[in-house]
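Participant: Need the 3D shape of this:
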Amino acid sequence: MIYTVTMNPALDYVVDLPHFNIGDVNRVENEHIFFGGKGINVACVLKELGFESTCLGFTAGFTGQELQRGLKEELKLMSQMIQVNQGMTRINMKIHSQQETEINGLGPIVEKDDFEKLLQQIKNMNDEDILVLSGSVPSSLSQNVYCDLLEVIANRKIKTIVDATGQLLLDTLIYHPFLIKPNNHELAELFHTEIKNIEDIEKYARKLQDMGARNVLISMAKDGALLIDENGVKHLQGVCRGEVKNSVGAGDSMVAGFIAGYLSRLDYHETLKLATAAGGATAFSNGLATQAKIYELLKQL
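Facilitator: Residues are numbered from 1 along each chain as shown. Below you'll find the model as predicted:
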């Protein structure tokens, strides 16, 4: 089984309007509500690619109840989300106008007993399972929580995937995650440097591998993606052709594509192609990638 952990899921309220003017009344042309969170996005795209997963994480309040309902009834995902007593599942507003603007909520207050329940869920995983840790952590939790989760399965055969930024990601490398997926800008921030070319990207990707990551996937927007696989082999892949409509969830879709490729026993080059097509399918859609769109784009690669 694949388990995706979304510590701080959200109801994403997405609006389209021709011009967003600060200080004025803005009337939207289109609006949608999505059940959001990086791990949830991964689970959705995995389902499109034929792989079931179980969503873990925390919800709270009436928004949390709605998110739990949506996961089961609308997205048809398996869920073992933990409903906590304080705070509320956040509402994130995403404004599509001249530029994309996001306003993100705080999230629930997760107490020690709540976190212990999640730890127990992780302990109950089987050795051949896959654990995906992705996204931010509620402010009520320590920034070491990913390490706390990885510690309880450190001597197991569970494959772990970490899609996070900054120190949250770096701290997990001692646990040798099977895959990490920073983008090129996040890669530069990790090493407090300026990245000028593909050689720099490869250099710092290999540093992350030296620090403990098995596979390092770097998404580079219009420049494609670079993978340093666990054997040290470099793979480069250009982007698919299409009109970019949405940047939300493209990276999560890449993670899902990589997992699906690996579980389908594709080699790493073909796995990178599937990951790239999945990321592009989301970028070229108003929502997350569909199976049909992924395989349409895969033919380009």
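Participant: Run through who's touching the helix or strand of the chain with the lowest mean pLDDT.
Facilitator: Least confident helix or strand of the chain, by mean pLDDT, DSSP states H and E, is strand 100-103 with a mean of 88. By CB atoms under 8 Å, 6 or more residues apart in numbering, the list of residues contacting strand 100-103 from outside reads 20, 92-95, 247. No exception for glycine: its C-beta is placed from N, CA and C like everyone else's.
Participant: what's the next secondary structure element after it?
Facilitator: Downstream of strand 100-103, the first helix or strand assigned by DSSP states H and E is helix 112-123.
Participant: name the helices or strands packed onto that following helix?
Facilitator: For helix 112-123, the packing partners by 3 or more CB pairs under 8 Å, 6 or more residues apart in numbering; DSSP states H and E come out as strand 2-6, strand 53-60, strand 82-84, helix 145-151.
Participant: got the CA positions of that helix in CSV?
Facilitator: The C-alpha trace of helix 112-123 is given here as CSV (Å, rounded to 0.1, in the frame of the first residue of the first chain):
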residue,chain,number,x,y,z
LYS,A,112,0.8,15.5,21.3
ASP,A,113,-2.0,12.8,21.5
ASP,A,114,-3.0,13.6,17.9
PHE,A,115,0.5,13.1,16.7
GLU,A,116,0.9,9.9,18.6
LYS,A,117,-2.1,8.5,16.6
LEU,A,118,-0.3,9.3,13.4
LEU,A,119,2.9,7.7,14.6
GLN,A,120,1.0,4.5,15.4
GLN,A,121,-0.4,4.5,11.9
ILE,A,122,3.1,4.7,10.5
LYS,A,123,4.3,1.9,12.8
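Participant: Now do the end-to-end distance for stretch 262-273.
Facilitator: Length of stretch 262-273, first residue to last, CA to CA, to the nearest Å: 11 Å.
Participant: Give me the buried positions along stretch 72-86.
Facilitator: Going by neighbour count (16 or more other CB atoms under 10 Å), the buried part of stretch 72-86 is 75, 77-79, 81-82, 84.
Participant: Asp24 should be in a helix, yeah?
Facilitator: No: counting by DSSP: H, G, I helix; E, B strand; the rest coil, one finds Asp24 to be coil, located in no helix.
Participant: ok, so what distance separates it from Gln86?
Facilitator: 36 Å (CB to CB, to the nearest Å).
Participant: now do Met125
Facilitator: According to CB to CB, Met125 stands 27 Å off from Gln86.
Participant: burial of the closest residue to Ile2 other than its chain neighbours, as a residue count?
Facilitator: Distances taken as CB to CB, 6 or more residues apart in numbering place Ser53 nearest to Ile2, at 3.8 Å, with adjacent residues excluded. Around Ser53 there are 25 other residues, counting by other CB atoms under 10 Å.
Participant: and what of Glu151?
Facilitator: Neighbour count for Glu151, taken as other CB under 10 Å: 14.
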